[in-house]
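> quick one: sequence and predicted model below, then my questions.
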Amino acid sequence: MEKVGEEGILIDILSRLPVKSLLRSKCVCKQWRSLISDPEFAELQLGRSKEHNPNACRRVLWLNNPIRSIDCESLSCSNEGTTVRDIKHPSIVSSLESFIEIVGSCNGLVCLLVDFKSFILWNPTTGACNELPSPSSDISGREYFYGFGYDSSTNHYKLFKGSSACYGFLSDNTIVEIYSCKTNSWRRMKYEFIPYVTSRGLFLNGSLHWLVGRDCSDLDSMIVSFDVADETFGRLVSPLLLDLDTVLEGLMILEDCLFVYQDNWTGFNSFTFEGWILRDYPVKSSWTKYCSFLIEESPAQHYLWDPLWFRKDGKVLFHLGHVANYF
């Protein structure tokens, strides 16, 4: 977004402000409102915010009543005080009793699935939200998995919906539907097979990623990727340090890298949490052991544990429930 003269100076100044300050600045005059509402300006402001302080652009979001968020920058600090903030439900969600699932998040936008049928794009910072058109009718007896990402080649967002006919850990075929914000419509594409999906889709390096479990042919846990721009699938090998009989428990993004983890039981009430990080995406030899520590808890509580944030002082925040990091 290149401008010269006074407008260029104004853009340079405003693009360095946080989102809340920009929302207030819209009321100054029509010129400022038009400028701040420009998608190119939003992209410039987001890029500068990430460059200046990546953690300041991130929030931990979990779906309670009310919805709450935590500033990741405060989580990274060594002090014990962390601000938890209530967020209003999206205005177009008709009932606070609705079941809401986080599909994915990207560039400050969160994609929600409401009552298993309606997709909503929501900006928790501004409160703006928009309901997307519905995909084709759901088919009974199928397992669904989703993803939400950004196509930098067209400057638009895409929503991914996949479904497999599952029998235990077997999937006979996969139906894939893609929604594009550019066309405001869904379309189908063919893909022969995706194993049993065990994680929410995560967007990183222009691709969506899912952790998939093994089937009866003893397929090791691995990561399936989907390039949002090219709309092609790929596969990433799991860490070489894992035993052949090991199934990965979860997938997350840590330090802008893919991170996988597992639990190894050491007793009835204790287990060892282990994690690996892919430092040089997508080079499989760059998988590095990130952490390993003992957790002593009851089995009932163990099955609800997932890592949420790793602090620089070595402490780890775990969560119970539905959460997402949005950028």
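That came through fine.
> low-confidence ranges, the stretch 1-150 of the chain, go.
Applying pLDDT under 70 to the stretch 1-150 of the chain flags the ranges 1-5, 50, 52-58, 64-65, 72-83, 94-97, 137-141.
> that one: strands as residue ranges?
59-62, 67-71, 84-87, 100-106, 109-114, 118-122, 129-131, 142-151 (DSSP state E, counting those that start in this stretch).
> name every strand pairing with the third one and say which way it goes.
If you go by DSSP bridges, strand 84-87 pairs up with strand 67-71 (antiparallel).
> residues of the strand it pairs with that come out buried?
For strand 67-71, a neighbour-count test (16 or more other CB atoms under 10 Å) marks 67, 68, 69, 70, 71 as buried. In short, each C-beta sits where N, CA and C put it, glycine included.
> my read: the third one touches residue 63, true?
If I follow you right, that is residue 69. No. Between residue 69 and residue 63 there is no contact under CB atoms under 8 Å: 10.5 Å.
> let me see the mean pLDDT of the helix or strand harbouring residue 258.
Residue 258 belongs to strand 257-267 when assigned by DSSP states H and E. For strand 257-267, mean pLDDT is 84.
> that strand: how far from the chain's middle?
Taking CA atoms, centre = their mean, to the nearest Å, one finds the center of strand 257-267 at 19 Å from the center of the full chain.
> same question for stretch 106-120.
For stretch 106-120, the distance to the chain centre is 11 Å (CA atoms, centre = their mean).
> which parts of it are buried?
For stretch 106-120, a neighbour-count test (16+ other CB under 10 Å) marks 106, 107, 108, 109, 110, 111, 112, 113, 114, 118, 119, 120 as buried.
> among the buried residues of strand 67-71, which one lies nearest to residue 136?
Closest to residue 136 out of those is residue 67 (29.4 Å), distances taken as CB to CB.
> who touches the nearest residue to that closest one once chain neighbours are set aside in this structure?
In space, and not counting its chain neighbours, residue 67 is closest to residue 87: 4.5 Å by CB to CB, 6 or more residues apart in numbering. Listed by CB atoms under 8 Å, 6 or more residues apart in numbering, the contact set of residue 87 reads 61, 66, 67, 68, 69, 124.
> about what we covered before: okay if I get the buried residues of strand 67-71 as CSV plus distance to residue 270?
Converted to CSV, the buried residues of strand 67-71 look like this (distance: CB to CB, whole Å):
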residue, distance to residue 270
67, 33
68, 30
69, 32
70, 28
71, 32
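> just those now: which is nearest residue 267?
Among the buried residues of strand 67-71, and counting by CB to CB, the member closest to residue 267 is residue 70, at 32.0 Å.
> what's the spacing between that closest one and residue 62?
Distance, residue 70 to residue 62, by CB to CB, to the nearest Å: 8 Å.
> what touches both of those two?
Joint contacts of residue 70 and residue 62 (CB under 8 Å, 6+ apart) do not exist.
> residues contacting the closest residue to residue 279 other than its chain neighbours?
Nearest residue to residue 279, sequence neighbours excluded (CB to CB, 6+ apart): residue 286, at 4.5 Å. Shown in contact with residue 286 (CB under 8 Å, 6+ apart): 278, 279, 280.
> just these: which are in strands?
residue 278 (DSSP state E).
> who does the strand or helix carrying residue 159 pair up with?
Assessed by DSSP H and E, residue 159 sits inside strand 156-167. Note on strand 156-167: by DSSP bridges, its sheet partners are strand 142-151 (antiparallel), strand 170-180 (antiparallel).
> got JSON lines for those, with distance to residue 211 too?
Below are the strands paired with strand 156-167 laid out as JSON lines (distance: least, CB to CB, whole Å):
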{"stretch": "strand 142-151", "distance to residue 211": "10"}
{"stretch": "strand 170-180", "distance to residue 211": "15"}
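> tell me the spacing between the closest residue to residue 37 other than its chain neighbours and residue 269.
Closest residue to residue 37 apart from its sequence neighbours, by CB to CB, 6+ apart: residue 26 at 7.4 Å. Between residue 26 and residue 269 the distance, using CB to CB, works out to 55 Å.
> the closest residue to residue 7 other than its chain neighbours - how many residues pack around it?
Among residues not flanking residue 7 along the chain, residue 35 sits closest, at 7.8 Å (CB to CB, 6+ apart). Number of residues near residue 35 (other CB atoms under 10 Å) recorded here: 21.
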